[in-house]
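*Asks:* Sequence plus the predicted model coming up.
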Amino acid sequence: MNVVILAAGQGKRMHSDTPKVLHALAGRPLLAHVIDAALELEPQRICVVYGHGGEAVREALAASTELRATTPITWVLQEPQLGTGHAVQQTLPHLIDGVPTLVLYGDVPLIRAATLRRLCAAAGAGMAVLTVELEDPKGYGRIVREGGTASGAVSRIVEQKDASPFEQAIREVNTGMMVVPTPKLKSWLTQLRNDNVQREYYLTDIVALAVADGVAVSSAQPHDVSETLGVNNRNQLAQLERAFQAHVAGELMGRGVTLADPARIDVRGRLACGRDVAIDINCVFEGNVDLGDRVSIGAQCVLKNVRVAAGTRIEPFCHMEDADIGANCRIGPYARVRPGTALAEDVHVGNFVEVKASRIGRGSKANHLAYIGDSDVGSSVNVGAGTITCNYDGANKHRTVIEDDVFIGSDTQLVAPVRVGRGATLGAGTTLTRDAPAGQLTVSRAKQVSLPGWKRPTKNK
């Protein structure tokens with residue numbers, strides 16, 4: 001199969017300098033979703049017709065779409081833009097004759113591979129168009145059938161601006177997606193004319209040419225009309241975002257995940273959940289996120305490229321990125337876990353604690369108001385409130401090593417590179433600039449002085 005994806009539109013109603021197909025849905029460009037659906041069909045060739053945005057479209061998609069080596073993508077420039085028929089004409093030198101051609105649209109992101117397979121099956125050796133019935137068909141091309149009945153064969157497609165009052169009353173509309181025998185497509189495209197209101201070459205005119213050539217034109221319908229909806233403005237983009245998220249939420253709950261409110265979750269990547277996972281409201285999941293059995297995610301959390309092992313509880317308002325969280329941990333509320341962090345089992349990272357590029361061993365705790373950066377923390381370590389690892393000297397990062405069973409008093413600064421030996425205790429207020437020996441109390445503290453007879457200053461009259 002050949003797949004042609006039309007993605008040359010500017011999207012004037014988006015009021016943006018960004019090409020329309022690069023606007024994001026679920027964290028990825030609209031066009032990336034369409035390419036992913038096409039890749040599921042394992043076609044021999046994919047041609048993407050681009051125009052506005054030029055190389056920016058190609059570069060963005062190369063970064064966001066996992067391209068399979070077995071399916072090369074050919075980028076075809078349409079300049080100027082003279083309609084959908086003209087756009088497909090630009091791809092003809094790249095199409096393989098021995099297989100049919102499927103036409104898709106780069107701004108219709110929710111189309112599913114299962115629907116496209118059904119469309120291809122309906123075509124057989126002929127042609128098929130994907131249609132849908134709308135309560136308000138205004139703006140869409142109407143499906144005109146033989147005899148004017150719903151059961152008649154498709155005879156032609158008429159655009160809104162060229163439709164008669166009778167044709168405008170038809171509710172079955174063209175989605176633009178179609179499957180066509182490639183040799184016939186090449187022949188019909190050479191016969192297109194632009195004698196219409198918009199002076200464009202309509203791809204839909206090949207339906208009438210197919211009927212004239214005696215080629216059967218069938219139709220198929222999607223399970224959900226949202227699969228066929230395009231994006232022309234910000235409002236439509238927001239509507240499709242919620243439709244996408246509703247579908248994801250339904251799949252999660254179908255697999256046993258508890259969502260406090262299915263309408264208040266955003267998955268912008270892949271979210272895998274074990275058994276008895278519970279997710280509170282307004283959580284955002286980006287990249288690849290894996291939640292183990294019995295994991296609980298509190299409200300307003302953001303997780304990006306994070307693995308969370310079984311039994312861990314993440315309290316509200318936590319932000320976690322590129323981290324590996326062990327089993328039965330307690331994180332937050334208001335904790336930030338930054339890239340390069342790995343927590344072992346039973347670790348507690350409390351409110352207003354930030355951890356970056358650090359490994360924390362089993363059973364260790366930093367319950368409040370601490371920064372642990374570029375550190376290796378052993379097991380059963382207690383990090384007191386206000387503790388800071390001073391890992392940056394203004395030019396380079398240095399590591400702090402804290403061995404097992406260490407107790408760190410509140411308001412301690414560890415100036416890296418420095419090591420705290422096993423079982424050591426650091427007194428509150430210590431500024432550690434040299435290694436602390438194992439099993440000993442280390443204190444760095446100014447001598448306490450009390451001044452008898454001292455009086456507070458008074459305000460001048």
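*Replies:* Looks like it came in fine.

*Asks:* List the contacts of the helix or strand of the chain with the lowest mean pLDDT.
*Replies:* Within the chain, no helix or strand scores below helix 55-64, which has a mean of 77 by mean pLDDT, DSSP states H and E. Outside helix 55-64, the residues that touch it by CB atoms under 8 Å, 6 or more residues apart in numbering are 7, 19, 21-22, 28-29, 31-32, 35, 48, 50, 75. C-beta here means a position set from N, CA and C on the backbone, and glycine is covered the same way.

*Asks:* which of these lies closest to residue 405?
*Replies:* Using CB to CB, residue 28 is the member of the contacts of helix 55-64 that lies nearest residue 405, at 46.3 Å.

*Asks:* surely the closest one meets residue 270?
*Replies:* No - applying CB atoms under 8 Å, one finds residue 28 not in contact with residue 270, separated by 11.2 Å.

*Asks:* Break the protein into its domains for me.
*Replies:* According to automatic domain parsing, the chain comprises the domains 2-228, 234-442.

*Asks:* Redo those as a markdown table? Include mean neighbour count.
*Replies:* A markdown table is the format used below for those (neighbours: other CB atoms under 10 Å):
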| stretch | mean neighbour count |
| --- | --- |
| domain 2-228 | 18 |
| domain 234-442 | 19 |
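
*Asks:* Could you list the low-pLDDT ranges of this structure?
*Replies:* 63-70 (pLDDT under 70).

*Asks:* So which residues of this structure form helices?
*Replies:* Using DSSP state H, the helices of the chain run over residues 30-40, 55-64, 84-89, 113-123, 165-168, 182-189, 206-212, 234-254.

*Asks:* nearest to residue 344, of the contacts of helix 55-64?
*Replies:* residue 28 (33.2 Å).

*Asks:* bridging residues for the closest one?
*Replies:* With DSSP bridges as the criterion, residue 28 is bridged to residue 25.

*Asks:* ok so, going back, turn the helices of the chain into JSON lines, columns for distance to residue 293.
*Replies:* Listed next are the helices of the chain as JSON lines, based on distance: least, CB to CB, whole Å:
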{"stretch": "helix 30-40", "distance to residue 293": "29"}
{"stretch": "helix 55-64", "distance to residue 293": "31"}
{"stretch": "helix 84-89", "distance to residue 293": "49"}
{"stretch": "helix 113-123", "distance to residue 293": "30"}
{"stretch": "helix 165-168", "distance to residue 293": "56"}
{"stretch": "helix 182-189", "distance to residue 293": "50"}
{"stretch": "helix 206-212", "distance to residue 293": "53"}
{"stretch": "helix 234-254", "distance to residue 293": "15"}
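
*Asks:* looking at these, which is closest to residue 437?
*Replies:* Closest among these, using CB to CB: helix 55-64, at 50.4 Å.

*Asks:* Show me how far the closest one is from its chain's centre.
*Replies:* From the chain centre to the centre of helix 55-64 is a distance of 15 Å (CA atoms, centre = their mean, to the nearest Å).

*Asks:* how far off helix 30-40 does that helix point, in degrees?
*Replies:* Angle of helix 55-64 versus helix 30-40, following axes from the mean of the first three to the mean of the last three CA atoms, to 10 degrees, is 50 degrees.

*Asks:* Please report how far the residue nearest to residue 428 when sequence neighbours are not counted lies from residue 318.
*Replies:* Nearest non-adjacent residue to residue 428, counting by CB to CB, 6 or more residues apart in numbering: residue 409, 3.4 Å away. According to CB to CB, to the nearest Å, residue 409 and residue 318 sit 26 Å apart.

*Asks:* quick revisit: mind checking which of the domains of the chain is nearest residue 449?
*Replies:* Closest among the domains of the chain, using CB to CB: domain 234-442, at 14.9 Å.

*Asks:* of all the domains of the chain, which lies closest to residue 454?
*Replies:* domain 234-442 (22.2 Å).

*Asks:* Can you give me the end-to-end span of the closest one?
*Replies:* 60 Å (CA to CA, to the nearest Å).

*Asks:* what's the answer for stretch 437-447, then?
*Replies:* 22 Å.

*Asks:* And the contacts of it?
*Replies:* Residues from elsewhere that reach stretch 437-447 (CB under 8 Å, 6+ apart): 403, 421-427, 429-433, 436.

*Asks:* now do 10 Å
*Replies:* 403-407, 409, 412-413, 419-436 (CB atoms under 10 Å, 6 or more residues apart in numbering).

*Asks:* chain center to that stretch, what's the gap?
*Replies:* So, by CA atoms, centre = their mean, the centroid of stretch 437-447 is 50 Å from its chain's centroid.

*Asks:* swap in stretch 17-33?
*Replies:* Worked out by CA atoms, centre = their mean, stretch 17-33 lies 10 Å from the chain centre.

*Asks:* which residues touch residue 426?
*Replies:* 383-384, 387, 402, 406-410, 412-414, 420, 432, 436, 440-444.

*Asks:* again, only using 6 Å
*Replies:* By CB atoms under 6 Å, 6 or more residues apart in numbering, the residues touching residue 426 are 408-409, 412, 442.

*Asks:* and of those, the nearest to residue 255?
*Replies:* Residue 255 has its nearest neighbour among the contacts of residue 426 in residue 408, at 42.1 Å by CB to CB.
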